[in-house]
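A.B. asks: no FASTA, just this:
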């Protein structure tokens, strides 16, 4: 069954703008991860945030986690055309099996 | 780029054919996974393995089978393909990192079309 659910399903922004997407989940987690998928390719790991962390940064990426609301957000700042992709959150319940949502498709217009 | 390889990348076959999707990784990871992904839909875990001679079914029921005879190799087989098997199949591997975090490395995927 689906654990992570991303919102919005699709997002279109101008180059240079910020992109924010959200993820909600249902059960307790050990950590939450974000992955990117370019069209027709596999997923690439972007960033991981543990259940005892509230915010994490990696380059132009900022992830927040609110375990009381069972939600996370991914912010991409100063977007580029190369950021056009689908973004998935994945929850890790400490059983070595990640559960993925349906993803947010981000289109960055030049 | 990831050291996990899937072949074939694209396959179009007729109903009733037997197919095997290959997945190999050169990272020595103990855990390997197969996910099924339809366009715009979530990834569904269909099989996983925590080591040689260990295989388990995932959350989504699948008519496919897997084997793990060698650490680096995790093939998926469909004995008799049907149009409902048309999908993208993603293979992944992982090795538990610091404090048990499980980060997956994915292959490029195998897109299967059954006519």
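C.D. replies: Okay, I see it. Quick caveat: nothing in here was measured; it's all calculated off a predicted structure. Numbering: from 1, shown residues only, chains lettered A, B, ... in the order given.
A.B. asks: how many neighbours does the residue in chain A positioned nearest to chain B have?
C.D. replies: Per C-beta to the nearest C-beta, residue A:42 is where chain A lies closest to chain B, at 3.4 Å. All C-beta spots, glycine's among them, are computed from the backbone N, C-alpha and C. The tally of other residues near residue A:42 (other C-beta atoms under 10 Å in any protein chain shown) stands at 22.
A.B. asks: for residue B:74, give me its contacts.
C.D. replies: In this structure, residue B:74 makes contact with B:23-25, B:32, B:34, B:49, B:66-68, B:91, B:93, judged by C-beta atoms under 8 Å, 6 or more residues apart in numbering or on different chains.
A.B. asks: how about residue 9, what does it touch?
C.D. replies: You didn't say which chain, so I picked chain A. Neighbour list for residue A:9: A:102-105, B:40 [criterion: C-beta under 8 Å, 6+ apart].
A.B. asks: wait, I meant chain B there
C.D. replies: B:108-111.
A.B. asks: repeat for residue A:67
C.D. replies: A:28-29, A:51.
A.B. asks: now, which of the contacts of residue A:9 lie within strands?
C.D. replies: A:104-105 (DSSP state E).
A.B. asks: where are the low-confidence patches of chain B?
C.D. replies: Within chain B, the stretches with pLDDT under 70 are B:1-2, B:97-100.
A.B. asks: kindly report the same for chain A.
C.D. replies: In chain A (pLDDT under 70), the answer is A:1-3.
A.B. asks: partner strands of the helix or strand containing residue B:90, parallel or antiparallel?
C.D. replies: Assigned by DSSP states H and E, residue B:90 belongs to strand B:87-94. In the sheet, strand B:87-94 lines up against strand B:31-37 (antiparallel), strand B:104-106 (antiparallel), strand B:110-114 (antiparallel) (DSSP bridges).
A.B. asks: what's next to the last one, contact-wise?
C.D. replies: If I follow you right, that is strand B:110-114. A:40, B:6-15, B:17, B:19, B:21, B:81-91.
A.B. asks: swap in 6 Å and give it another go.
C.D. replies: The contact list for strand B:110-114, computed with C-beta atoms under 6 Å, 6 or more residues apart in numbering or on different chains, reads B:6, B:10-13, B:21, B:81-83, B:85-86, B:88-89.
A.B. asks: show me which residues of that strand are buried.
C.D. replies: Residues of strand B:110-114 classed as buried by neighbour count (16 or more other C-beta atoms under 10 Å in any protein chain shown): B:110-112, B:114.
A.B. asks: so what's the residue nearest the centre of chain B bridging to?
C.D. replies: In chain B, the residue lying closest to the centroid (C-alpha atoms, centre = their mean) is residue B:34, at 2.9 Å. On the basis of DSSP bridges, residue B:34 is bridged to residue B:47, residue B:91.
A.B. asks: any idea which element residue B:63 lies in?
C.D. replies: Per DSSP H and E, there is no helix or strand for residue B:63.
A.B. asks: gap between the closest residue to it other than its chain neighbours and residue A:75?
C.D. replies: Using C-beta to C-beta, 6 or more residues apart in numbering or on different chains and skipping the chain neighbours, the partner closest in space to residue B:63 is residue B:78 (6.7 Å). Counting by C-beta to C-beta, to the nearest Å, the gap between residue B:78 and residue A:75 amounts to 41 Å.
A.B. asks: check residue A:34 too.
C.D. replies: 11 Å.
A.B. asks: and for residue A:21?
C.D. replies: Distance, residue A:21 to residue A:75, using C-beta to C-beta: 8 Å.
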